[in-house]
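Asker: Quick one, structure for this:
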Amino acid sequence: MSAFDPPEGLSGRLITPELSVFDDSPPTEPVLWITDDLLDVDEAGRLWASLLRHHRETGQWPLLLGARDRSGRPWHTGELNNPLAQGRVEGVDVEAYLAEEWTEAFDDEEPSPFDAWPGPAPASEPGPDPDQWAVEVATSPSGIRDMLTWLDQGPYLGLVHARDGAEAVLASGWPADVIHEALTAVLRTWQERYGVRVCSLGGASLNVTVAWPPQSLEHARRVAAEHHAFCPDLRQEFFDFEEYAEAIVGAPVWSFWWD
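Answerer: This next block holds a predicted model:
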């Protein structure tokens with residue numbers, strides 16, 4: 001693996017997942033570079049945007065990382081997953097995965113928004129360049145706060161070696177209790193269909209910018225179905241499916257969390 005190339009003037013450290021976290025085959029090389037200190041929210045947005053602009057040259061994907069407390073957990077403490085132990089993203093049948101998760105999410109007595117899994121949502125009409133849109137969101141005061149709504153403090157800045165933001169979720173060792181290769185595969189389709197760019201991770205949360213969000217309620221309902229299959233815990237916050245669908249019409253950021 002090539003060396004990390006962090007911004008000048010920032011102190012940071014390389015993180016290798018702790019051996020005690022795994023039963024076998026722990027990684028032996030760092031999976032993540034992360035700042036030693038929390039950053040001011042606005043500064044973090046500017047740095048993230050600058051690093052994203054140079055991703056194609058560096059092969060490094062920037063991440064804004066939220067911690068459980070000021071000890072830097074789980075990032076500084078290495079309480080991470082082993083990226084090498086995850087399944088192959090290429091082997092994931094995204095439609096089948098979402099259909100199964102949708103069925104499980106709406107298997108209770110509450111009425112389902114659709115009689116059956118409606119299938120993948122249509123792609124949006126391409127619009128702004130997704131990288132440039134992500135930069136604009138990250139460098140605007142309201143945008144960066146939308147990306148970090150789950151934080152009561154500034155984030156850490158991280159770097160991982162990844163081809164794109166979807167792969168960065170897997171490569172970072174993100175410790176959320178999810179099927180990482182499946183979520184990475186779904187995110188990759190959203191990159192293509194909605195101009196999504198992964199920007200921030202918490203211990204069990206994920207935020208993305210969206211260059212081409214749905215512009216009609218009909219389209220948003222189909223996208224919302226995918227969101228609820230991708231992250232069933234959305235029902236805890238937005239129990240009303242229709243309210244959630246309305247909220248993502250034209251939304252520049254999508255947020256997900258797993259309890």
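
Asker: isn't there a helix covering Tyr244?
Answerer: Yes - remark: Tyr244 belongs to a helix, assigned using DSSP: H, G, I helix; E, B strand; the rest coil.

Asker: Wait, it touches Cys231, no?
Answerer: No - judged on CB atoms under 8 Å, Tyr244 makes no contact with Cys231 at a distance of 10.9 Å. Placement of C-beta: from N, CA and C, glycine included.

Asker: quick one: contacts for the residue most central in space within the chain?
Answerer: The geometric centre of the chain, computed from its C-alpha atoms, lies nearest to Leu206 (CA atoms, centre = their mean), at 3.8 Å. When the contact criterion is CB atoms under 8 Å, 6 or more residues apart in numbering, the partners of Leu206 are 169, 174, 176, 198, 200, 255-257.

Asker: Sitting in strands, which of these do you find?
Answerer: With DSSP state E as the criterion, strands contain 198, 200, 255-257 from among the contacts of Leu206.

Asker: Could you give me the ChimeraX syntax to select whichever of the contacts of Leu206 are buried?
Answerer: Selection of the buried residues among these in ChimeraX, burial being defined by 16 or more other CB atoms under 10 Å:
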select :169,174,176,198,200,255,256,257
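
Asker: Closest to Pro17 out of the contacts of Leu206?
Answerer: Proximity of these to Pro17, judged by CB to CB, is greatest for Trp174, which lies at 10.9 Å.

Asker: tell me which element His227 falls in.
Answerer: For His227, the element it lies in under DSSP states H and E is helix 217-230.

Asker: what helices or strands is the helix or strand just after that helix leaning on?
Answerer: Using DSSP H and E, the helix or strand that follows helix 217-230 towards the C-terminus is helix 234-237. Using 3 or more CB pairs under 8 Å, 6 or more residues apart in numbering; DSSP states H and E as the contact definition, the elements that helix 234-237 packs against are helix 217-230.

Asker: Low-confidence regions, the stretch 1-150 of the chain specifically.
Answerer: Counting by pLDDT under 70, the stretch 1-150 of the chain contains low-confidence residues at 1-2, 19-27, 84-87, 108-110, 149-150.

Asker: got the ones in strands among the contacts of Leu206 as CSV, with distance to Glu125 and pLDDT columns?
Answerer: Output for the ones in strands among the contacts of Leu206, formatted as CSV (distance: CB to CB, whole Å; pLDDT from 0 to 100):
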residue, distance to Glu125, pLDDT
Val198, 22, 97
Ser200, 26, 94
Ser255, 23, 93
Phe256, 24, 94
Trp257, 29, 91
